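sharing a model that was predicted from the sequence below.
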Amino acid sequence: MENKEELDQLRVEKKRLESLLDFGHKVSSRILNLDELLKMIMGETREILDAERCTVFLRDFDSDTLYSKIADGMGSREIRIPLDKGIAGAVARSGEVINIKDAYADERFDTGTDSKTGYVTKTILTCPMKDKMGESIGVFQVLNKRSGVFDTEDERILLLLARQAADAVENAFLYDEQRKMFESFIDTLSDTLDKRDYITAGHSRRVTFFAIKTGEAMKLMKHDIELLKYSSWMHDMGKVGVREHILSKAGKLTDEEFEQIKSHTVFTREILGKIYFKREFRQIPDIAASHHENIDGSGYPRGLKGMAIPFFARIIAVCDVFDALTSKRHYRNPMPILGVLNILKNDVGVKFDPVCVEAFFKINLLDIVRGINLEKVENFVIVSDDEAILQKYILEDFYRVLSSSEFTPAQSMVVESFARYYGK
């Protein structure tokens, strides 16, 4: 009997050791998205410690709080705790482990969350997550061990997990900070361009919105969506090199003025070519500068044809024309939506890649309405009844409705709902 118990204990220890090794491998696998990393850490920690729930709190040094965007039992709602409150705050401040055998008997335990969710917290094990300098950058907290209470071995293991996770979290933090800095740089350049001409303000953001939605309809990988996003955001950067009176001219452009407008693609390549992009973004100058190339080779600036045009530039081309035609310009009001959609359909194989147009027409109509009005209407709101109607259709369905000679009552409702938000 004693040998059997020892054997069972050895099996448990072996499984736990394997889990710890597996955890170390996973946190070192360069997951740079912070939310994905935290979700993985929580799941593995919960499993290793045989706990019902796990939360990883990160320290916000600016506001002196702990926060978690992902917590078991709380969905994706962010939890934020002042550093001087609660058990997690006490651990972050002291840098010491707190192991509570009976939560409701401890005055530091806040019963509010249990009251709201109906969950009953029994045992709590909380430990700090420290950086290389020994400063607390977060807190690990596990709740309700399934078999009894958390013991000193659990404390040791949680500290080990927290140490292993700290480097990965710091790397993800750094990556997130670099991403924010990069995006603020792009946003500033885009905003500077918009300020040159109030009529076209927001164009780059709208094109980016539609490009992302098109990429999602194509089920592109996350890193491809990111490349598409940044290329779209900067696709008109070269317009800073075009004279302002030409950009904002109300009448028809002369041949010479049109050549000046066309030169913005060359300027885009020159400007973006001087920016250092990390390896996965080095195609951005080529993509952004090619959004006026046509699939039949009649575009500019290089007259590229078919597959020679970067694929993401072909997506941006569709989105760019759609936004231009559905927006007010100095010389015209937005074109009627059926006319816009007919142009996209009729230019398939001439200007546009059929795959890109097909994907664009798969965008949900509610997103089309949101995109069209992005940065055009202050405090833009779609009423709930219209929202419910619009989200039942993709753009292709709506196109078929508009192309029909008569509308059913349901079709009339979607046409009316769309019309309330178009051409503003």
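Cool, got the structure.

for the rest of this, base every contact and every neighbour count on C-alpha atoms.
Noted.

quick one: contacts for Cys127?
Val91, Gly95, Glu96, Val97, Ile98, Val139, Phe140, Gln141, Glu155, Leu158, Leu159, Ala162 (CA atoms under 8 Å, 6 or more residues apart in numbering).

next: Glu96.
Under the criterion of CA under 8 Å, 6+ apart, the neighbours of Glu96 are Cys127, Pro128.

kindly report the same for His245.
With CA under 8 Å, 6+ apart, His245 has no contacts at all.

give the closest residue to Gln391 in space, chain neighbours not counted.
Leaving aside its sequence neighbours, Gln391 sits nearest to Leu366 (CA to CA, 6 or more residues apart in numbering; 5.0 Å).

one step back: which of the contacts of Cys127 are buried, as a PyMOL select command?
One line in PyMOL is enough to select the buried ones among the contacts of Cys127; burial here means 16 or more other CA atoms under 10 Å:
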select buried, resi 91+95+97+98+139+140+141+155+158+159+162
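
so which of the contacts of Cys127 belong to strands?
Ile98, Val139, Phe140, Gln141 (DSSP state E).

how many residues are close by the closest residue to the first one other than its chain neighbours?
Using CA to CA, 6+ apart and skipping the chain neighbours, the partner closest in space to Ile98 is Thr126 (5.3 Å). Thr126 has 26 neighbouring residues, counting by other CA atoms under 10 Å.

what of Ile246?
15.

close enough to count as contact, it and Glu259?
No - Ile246 lies out of contact with Glu259 (CA atoms under 8 Å); the separation is 10.5 Å.

where do the helices sit along the stretch 51-200 of the chain?
Secondary structure of the stretch 51-200 of the chain (DSSP state H, counting those that start in this stretch): helices at 86-94, 112-117, 152-194.

let me know the pLDDT of Lys278.
Lys278 carries a pLDDT value of 87.

pull the number of nearby residues for it.
Quick note: Lys278 (other CA under 10 Å) scores 8 neighbours.

with Asp194 instead?
18.

which ones are touching the nearest residue to it once chain neighbours are set aside?
Closest residue to Asp194 apart from its sequence neighbours, by CA to CA, 6+ apart: Ala201 at 4.5 Å. Listed by CA under 8 Å, 6+ apart, the contact set of Ala201 reads Asp194, Lys195, Glu375, Lys376.

which strand or helix spans the residue positioned nearest the centre of the chain?
Residue closest to the mean C-alpha point of the chain, counted by CA atoms, centre = their mean, is Glu226 at 8.4 Å. For Glu226, the element it lies in under DSSP states H and E is helix 222-233.

one step back: which among the helices of the stretch 51-200 of the chain is found nearest to Asn333?
Among these, the nearest to Asn333 by CA to CA is helix 152-194 (18.7 Å).

mind listing residues that contact the helix or strand following the closest one?
The C-terminal neighbour of helix 152-194 among helices and strands, as given by DSSP H and E, is helix 203-217. The contact list for helix 203-217 (CA under 8 Å, 6+ apart) reads 190, 194, 225, 228-230, 232-236, 315-316, 319-320, 323-324, 356, 359-360, 362-363, 368, 371-372, 374-375.

gap between helix 203-217 and the chain center?
Here helix 203-217 is found 12 Å from its chain centre; the criterion is CA atoms, centre = their mean, to the nearest Å.
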